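> Provide a 3D model corresponding to the input given below.
(2 chains, ligands or ions: 3)
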Amino acid sequence: MTSLLVIIVVVLLAVALWQLTKIFDLTQVGASSDDSQVASDNDNNIQGYIMFGFLAFIYIFTIYGLLKWGNLALHTPASEHGLLVDNLMNITWVLIFTVQVITQGLLYWFSFKNRGHKDRKALFFADSNKLEAIWSIIPSVVLACLILYGLYAWNNIMFVDKDEDVVEIELYAQQFKWTARYAGQDNVLGKANVRLIEGINTLGVDMSDPNAQDDIVVTELHIPKGKKVHFKMRSQDVLHSAYFPHFRAQMNCVPGMVTEFAFVPTYTTSEYRELPFMVEKVAHINKLRAEKSIDLVAKGGTALDPYTFDYLLLCNKICGASHYNMQMKVVVDTPEDYKKWLSEKTTLAQDIKAAAAAEKPAEGAAPTDTTAKVIDTVKTVVDTVKAAVAKVAMK
Amino acid sequence: MSAEAHDHDHGHDHEHEHHHKDTFITKYIFSIDHKMIAKQYLITGIIMGIIGIAMSLLFRMQLAWPEESFKIFNVLLGDKFAPDGVMANDIYLALVTIHGTIMVFFVLTAGLSGTFSNLLIPLQIGARDMASGFMNMISYWLFFLSAVIMLSSLFVEAGPASAGWTIYPPLSALPQAIPGSGAGMTLWLVSMAIFIASSLMGSLNYIVTVINLRTKGMSMTRLPLTIWTFFVTAIIGVISFPVLLSAALLLIFDRSFGTSFFLSDIYIAGEVLHYQGGSPVLFEHLFWFLGHPEVYIVILPAMGLVSEIMATNARKPIFGYRAMIMSVLAIAFLSTIVWGHHMFISGMNPFLGSVFTFTTLLIAIPSAVKAFNWITTLWKGNLQFNPAMLFSIGMVSTFITGGLTGIILGDSTLDINVHDTYFVIAHFHLVMGISALYGMFAGIYHWFPKMYGRMLNKNLGYIHFWITAVCAYGVFFPMHFIGLAGLPRRYYTNTNFPLFDDLQNVNVLITTFALVGGAFQLVFLYNFFSSIFYGKKATQNPWKSTTLEWTTPVEHIHGNWPGEIPHVYRWPYDYSNPNHDVDFVPQNVPMKEGEEVLHH
Ligand code: HEM
Ligand SMILES: [Cu+2]
Ligand SMILES: [Cu+2]
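Numbers count the residues shown, from 1 in each chain, chains lettered A, B, ... in the order given. Ligands and ions are numbered 1, 2, ... in the order given. Next up is the predicted model:
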């Protein structure tokens, strides 16, 4: 940082110097001047051709991008409404590509075609109500269609029907991890507030609320295929955003309020892994990882684990230094597997009782603090190791 | 001062330049001459631009070669933030934040508007100076002060503000949440408050000057489009900047005086904080009430510059002068009612999302009109490819490419999945960042002779443009794809997600383009600074332009015109007018006997 300071000081000094030397300007009266730095016909010609070349560059780069990187984009949506979203997206893309190709083509073609020459005279063409009308009305009509489709989709996605049979799950965000709370048998989440955080009740669930008695707290999210899952999001500290890219779902988590988002998963994790595009993607990633591992091993490091696909929940709102590593694994089960998985979990009430029993002299919040600290230390160690490994990998 | 200058209009003959005895200080430092203030804005903007772009290169290197050791990181960032040359995660966020802040506010708001509004408003409307030269001077020095404070925040022990340029609380309010939210954020807020004061003074001055000081015959419908855009930009600024100021003040209250405007129910670092009842969403509303108009504050002046330069170099009237004015007004109006498109998934009522989708997509209409009018201006022109013209065409190109993806982001349904990903970065850099930057470069190449009495070297200009054009696409076009892959922005590294391993090659390519593009800006810097001293002397009207600034002497004088201020008899776009033999007729040339007006 001090060197940055030095640089800035140097720059400021340079400015001061420059201002000083400006004293000697304004002595140009009578000095010779010419138009050698104004574009000549020769320049116009060359630049006109380059304009045309640049149009070719844009087109080729676009095609190259589509071929080379097109398959990086998220593929088959894993949720019901995702189909609607992707459909609208595809329509919009067709429109965008068409307009892009035409307008850039005209722009650079006209530039090339009308490159200046001293014998040319430009056409005095100042306005045309007809043309103006055409390019106000056409975009209006097209946009009106997009807006209608968009609003239809949006209302379908965002408004959760209160009477529907949904699975209620709370997503709880904190720097830098996710926790989920299931509503249990009654399918009603107990009340909660950060002021009630105590011991292993890290979500601040109000244990005096009857609805809270059967709530279940977990750190890996399982959801059933084909059922509407209604997420209620909370945050305990700063803004976070619950981003499920494969499900086309995202909602911010805001301290002091509960936000919501609902979707119906349509592929179990294992089904999604089997989709041809995913098989190909994973194979490609594993090839890259294998190449990297060879380097790593050569440098005395350990090889990277092969990758298997899992749905993820990412944090997508800047939330602090480790924002880049705030994730949770999401598993879509068949309804039967889901039931089974859930039934094996203990409720928060049971956990609290067990913890109290294990630790006779109750000490309030102290134990969690220490566990949190231990976890943090472990995390930092892991991070450092990872960093070192990655560094080695990059030769 | 300006009132005094004004009296000269009324028929005195004495020479203005001998009227005041300028000392070095009043001439170069505390100058109240709009031309000198414009140059001060420009130089300050360029320096901030160098710093802002250099920062982006640093964090781009981190993204391409994550956690690799670079000597330069250690040299620039120090042992604390880059031990052994490996960039730390918190300084990454700080760099992103300060990069965004500097580029948006200091380069493309103050650097762009400040330079060209100051330079061109009096010269093009035929005024001796701004309405208040003194306020103008204060405006510049407040801007300078805010820049110094912003830069000084880089040297705060815990690091500068790191919550993103959008500084959403609670992250920006709580030092426990991120170290940059301590003294660094305080300095950020103070700097921005001063910046806003500066911007308001500038804007009020521009508005008053345009309304009151136009020369005889310069009706509103004879104003060059540059002036129209500066004028409208100033109005948007006056409407929206105070709202950001209020957000900043309330945030200062929350941070320092324990109020709860934006905070509620927070448990952090093992304790419950006392805040109750506030809402971060409220801050988002206040922020984006400025934030969205801000992107038009950035782009409108660039549009004005480009329109003017295109007409001059196409030797043709700008197509649809009135439609251009109407679309600027429509954009300005709509820009104040679309802020919610940044908040579709903020937790606000989805019904509001519908409303904002509607208003946002409406903005595409006047934008489309502008783009088509520019393209038509080129049709059957006699294009003079001066560097300024290249940058103008480039601006239209990136504005279209970037603007089209706005149809996706403005549609709440589609925004769900691309919000806060690299898709957004690609979109706004093209439509706002690069486009406005091109507008600024175009303006510099075009009006350099007016500012410094010398010409920039055209061949260096050509090199500068073409390399920049290729690199700008090379950087931002691939970003769309990694955004569509779901890659979130503001991630320090993606190595924790094997899912994103296949994006790494793209990131390397992007960074390579960025480094090359960044390096070639040195060509511009060399051209700029050496031409100030050694450039070819300019003639009075090198581009054969019609507007009034080219009727002033090459040598700068107080009061702009040695004698009387010229009167205006025609609109600013009489290029290749069939009634005349020459291909341009300056605004101060009276209509010929029986000459017809050939435009609306
Ligand atoms: C006209 C010039 C530019 C402008 C106006 C501009 C503006 C911005 C803004 C506003 C942000 C958002 C900061 C935030 O999220 O807090 C940003 C981020 C970014 N800028 Fe620029 N920028 C410019 C030039 C560049 C250049 C030359 C590069 C080179 C690659 C670049 C790369 C980036 C990247 C990658 C990010 C995203 C970082 C992240 O959020 O993870 N920018 N820029
Ligand atoms: Cu986060
Ligand atoms: Cu906006």
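> could you check the pLDDT of the residue of the stretch 201-350 of chain B found nearest chain A?
Going by Cβ to the nearest Cβ, chain A is nearest to B:S264 of the stretch 201-350 of chain B, at 2.9 Å. Every residue, glycine included, has its C-beta placed from N, CA and C. On pLDDT, B:S264 comes in at 93.
> what does A:D165 give?
85.
> quick one, what contacts it?
Residues in contact with A:D165 (Cβ atoms under 8 Å, 6 or more residues apart in numbering or on different chains) are A:K227, A:K228.
> ok, now A:Y272?
So A:Y272 contacts A:T76, A:A78, A:H246, A:M278, A:F309, A:Y311, A:V332 (Cβ under 8 Å, 6+ apart).
> wait, is it part of a helix?
Yes: counting by DSSP: H, G, I helix; E, B strand; the rest coil, A:Y272 is located in a helix.
> any chance of the contacts of A:Y272 in a markdown table, with secondary structure too?
Below are the contacts of A:Y272 laid out as a markdown table (three-state DSSP):
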| residue | secondary structure |
| --- | --- |
| A:T76 | coil |
| A:A78 | coil |
| A:H246 | helix |
| A:M278 | helix |
| A:F309 | coil |
| A:Y311 | strand |
| A:V332 | strand |
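> put the buried members of those residues into a PyMOL selection.
A single PyMOL command selects the buried members of the contacts of A:Y272 (16 or more other Cβ atoms under 10 Å in any protein chain shown):
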select buried, chain A and resi 78+246+278+309+311+332
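> which of the contacts of A:Y272 are close to ligand 2?
Taking Cβ under 5 Å from the ion as the test, ligand 2 is in contact with none of the contacts of A:Y272.
> and the contacts of A:Y272, which is closest to ligand 1?
Closest approach to ligand 1 among the contacts of A:Y272 (Cβ to the nearest ligand atom): A:H246, at 21.4 Å.
> list the contacts for the closest one?
A:L74, A:P77, A:A78, A:S79, A:Y272, A:Y311, A:L312, B:G486.
> pLDDT value on the first one, please?
What that stands for is A:L74. 95.
> does the longest helix seen in chain A come close to chain B?
Counting by DSSP state H, the longest helix found in chain A is helix A:80-113. Yes: using Cβ under 8 Å from any Cβ of the partner chain, we find that helix A:80-113 touches chain B at A:84-85, A:88-89, A:92, A:95-96, A:99-100, A:103-104, A:106-108, A:110-111.
> so what's the residue count around the residue of the stretch 201-350 of chain B closest to chain A?
19 (other Cβ atoms under 10 Å in any protein chain shown).
> and it, that one's in a strand?
No: read with three-state DSSP, B:S264 is coil and lies in no strand.
> any idea how far it lies from B:T186?
Distance from B:S264 to B:T186, counting by Cβ to Cβ, to the nearest Å: 22 Å.
> same deal with B:N494?
32 Å.
> can you tell me the closest non-neighbouring residue to B:T511?
B:A64 (3.6 Å; Cβ to Cβ, 6 or more residues apart in numbering or on different chains).
> check contacts around the one you found.
B:N507, B:V508, B:I510, B:T511, B:T512.
> tell me which element the last one is part of?
B:T512 is located in helix B:504-534, with elements delineated by DSSP states H and E.
> now stretch B:382-402: mean pLDDT?
96.
> I meant stretch A:270-285, not that one.
95.
> please write out the alpha-carbon positions of that stretch in CSV.
Taking C-alpha atoms only, stretch A:270-285 is exported to CSV below (Å, rounded to 0.1, in the frame of the first residue of the first chain):
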residue,chain,number,x,y,z
SER,A,270,-29.4,-39.2,-9.7
GLU,A,271,-31.7,-38.6,-12.7
TYR,A,272,-30.1,-35.2,-13.4
ARG,A,273,-26.6,-36.8,-13.2
GLU,A,274,-27.7,-39.2,-16.0
LEU,A,275,-28.8,-36.6,-18.4
PRO,A,276,-26.6,-36.7,-21.5
PHE,A,277,-25.5,-33.1,-21.3
MET,A,278,-24.6,-33.6,-17.7
VAL,A,279,-22.6,-36.7,-18.3
GLU,A,280,-20.7,-34.9,-21.0
LYS,A,281,-20.1,-31.8,-18.8
VAL,A,282,-18.9,-33.9,-15.9
ALA,A,283,-16.6,-35.9,-18.1
HIS,A,284,-15.1,-32.6,-19.5
ILE,A,285,-14.6,-31.2,-16.0
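> hmm, back to that, counting by contacts, list what the helix holding B:T512 packs against.
helix A:2-21, helix B:34-64, helix B:435-452, helix B:458-484 (3 or more Cβ pairs under 8 Å, 6 or more residues apart in numbering or on different chains; DSSP states H and E).
> buried residues in the following helix or strand past the second one, which are they?
Pointing back at helix B:34-64 there. The first helix or strand that comes after helix B:34-64 along the chain, using DSSP H and E, is helix B:71-81. Using 16+ other Cβ under 10 Å as the burial criterion, the residues of helix B:71-81 that qualify are B:F73, B:N74, B:L76, B:L77, B:G78, B:F81.
> residue 172: what's it in contact with?
All of this refers to chain A. A:W178, A:T179, A:A180, A:R181, A:L203, A:M233, A:R234, A:S235, A:Q236, A:C253.
> wrong one, I was asking about chain B
B:S172 touches B:A161, B:A163, B:S181, B:M185, B:L251, counting by Cβ under 8 Å, 6+ apart.
> turn the residues you listed into JSON lines, columns for secondary structure.
Shown next, in JSON lines, are the contacts of B:S172 (three-state DSSP):
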{"residue": "B:A161", "secondary structure": "coil"}
{"residue": "B:A163", "secondary structure": "coil"}
{"residue": "B:S181", "secondary structure": "helix"}
{"residue": "B:M185", "secondary structure": "helix"}
{"residue": "B:L251", "secondary structure": "helix"}
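> so which of those comes closest to B:I337?
The nearest member of these to B:I337, counting by Cβ to Cβ, is B:L251 at 23.8 Å.
> how about low-confidence regions in chain B?
Within chain B, the stretches with pLDDT under 70 are B:1-22.
> what residue is smack in the middle of it?
B:L108 (2.2 Å; Cα atoms, centre = their mean).
> can you tell me how far it sits from B:M343?
23 Å.
> let me see the contact set for A:A354.
Counting by Cβ under 8 Å, 6+ apart, A:A354 has contacts A:T346.
> residue contacts, B:V568?
B:V568 neighbours (Cβ under 8 Å, 6+ apart): B:G126, B:T215, B:K216, B:G217, B:M218, B:R222, B:L548, B:Q587, B:N588.
> my read is that the second one contacts B:Y569, right?
Spelled out, it's B:T215. No: using Cβ atoms under 8 Å, B:T215 is not in contact with B:Y569, being 10.9 Å away.
> and the residue of the stretch 151-300 of chain A closest to ligand 2?
Using Cβ to the ion, the single residue of the stretch 151-300 of chain A nearest to ligand 2 is A:H240, 4.9 Å away.
> and the residue nearest to that residue when sequence neighbours are not counted, what element?
Using Cβ to Cβ, 6+ apart and skipping the chain neighbours, the partner closest in space to A:H240 is A:A173 (3.7 Å). Applying DSSP H and E as the criterion places A:A173 in strand A:166-174.
> which of the buried residues of helix B:71-81 sits closest to B:I227?
B:L76 (41.3 Å).
> for B:I46, see how far away the closest one is.
19 Å.
> on that earlier part again, let's have the contacts of B:A64 in TSV, adding neighbour count and distance to A:N325.
TSV is the format used below for the contacts of B:A64 (neighbours: other Cβ atoms under 10 Å in any protein chain shown; distance: Cβ to Cβ, whole Å):
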residue	neighbour count	distance to A:N325
B:N507	21	17
B:V508	14	21
B:I510	23	22
B:T511	19	21
B:T512	15	26
